[in-house]
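[1] With the sequence up front, the predicted model follows.
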Amino acid sequence: MHGIVVGSRWVRRVLFSISAILIAVATGFAAFNAIVRFFGVSFNWAEELCTYCVVMMVYLCLPHLEGTGDQLCITAIDLWVKGKTGQRILNYIRGILTGGALVILGWYGLDVMKKAFKRAQVTYILQLPKGILYAVAAACILIAVLVWLILMICNKGEFDDESR
């Protein structure tokens, strides 16, 4: 069980690091494009690249945020439940609801991905295959679901605090 937790922690850290790189790239290209506009030059590809970097960053950091408990939640409920057992039960409920929502989102994401590959859809300016972008998003959603399963089964409902 410990190996599974350590493996998921490693995968989450790698994805989180890639998301940090993507936000840095997006920030750099956005700043570059803003500066060159003062000279009457604009790079449309930079705007599209920034958009895709930010969207991919959101999906890539999702498993890490879910694993550490840093994803959005209703803090008022967390504050209302005081005991450790109550917090664990609340984490199980949160995991089941979040995991269920992610499974639904992932199911439709896979459908969209298959259609994008079938139709050979590409992005407007950079001509990147949209299917690959959708595949990354669907894979990250699947990893987030697996992270919740690991938290509920291996960590007994406790978030992974060692990765912070």
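    That came through, no problem. Model, not experiment: these values are computed from the prediction.
[2] Would you map the helices across this protein?
    2-37, 44-68, 75-80, 84-119, 130-153 (DSSP state H).
[3] How about residues contacting the shortest one?
    Contacts with helix 75-80, where a contact means C-beta atoms under 8 Å, 6 or more residues apart in numbering, come from Q87, L90. C-beta here means a position set from N, CA and C on the backbone, and glycine is covered the same way.
[4] Ignoring the adjacent residues along the chain, who's closest to I150?
    S8 (5.0 Å; C-beta to C-beta, 6 or more residues apart in numbering).
[5] of all the helices of the chain, which lies closest to D161?
    With respect to D161, and counting by C-beta to C-beta, the nearest of the helices of the chain is helix 44-68 at 7.2 Å.
[6] buried ones in the closest one?
    For helix 44-68, burial by neighbour count (16 or more other C-beta atoms under 10 Å) applies to 46, 48-50, 52-54, 56-57, 59-68.
[7] Can you name every helix or strand that it contacts?
    Judged by 3 or more C-beta pairs under 8 Å, 6 or more residues apart in numbering; DSSP states H and E, helix 44-68 is in contact with helix 2-37, helix 130-153.
[8] how far away is D161 from V5?
    Using C-beta to C-beta, to the nearest Å, D161 is found at 11 Å from V5.
[9] right, I mislabeled it, should have said Y108
    Per C-beta to C-beta, Y108 is found 29 Å from V5.
[10] Looking at those two, which is more packed in?
    V5 (19 against 12; other C-beta atoms under 10 Å).
[11] which one is that one nearest to, not counting chain neighbours?
    C154 (5.1 Å).
[12] Export the helix or strand of the chain with the lowest mean pLDDT to CSV, keeping only CA atoms.
    Across the helices and strands of the chain, mean pLDDT, DSSP states H and E gives its lowest value to helix 75-80, namely a mean of 73. Extracted C-alpha coordinates of helix 75-80, given in CSV (Å, rounded to 0.1, in the frame of the first residue of the first chain):
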residue,chain,number,x,y,z
THR,A,75,-14.7,25.4,4.4
ALA,A,76,-17.8,26.2,6.5
ILE,A,77,-18.6,22.4,6.6
ASP,A,78,-15.0,21.6,7.5
LEU,A,79,-15.1,24.1,10.4
TRP,A,80,-18.4,22.7,11.6
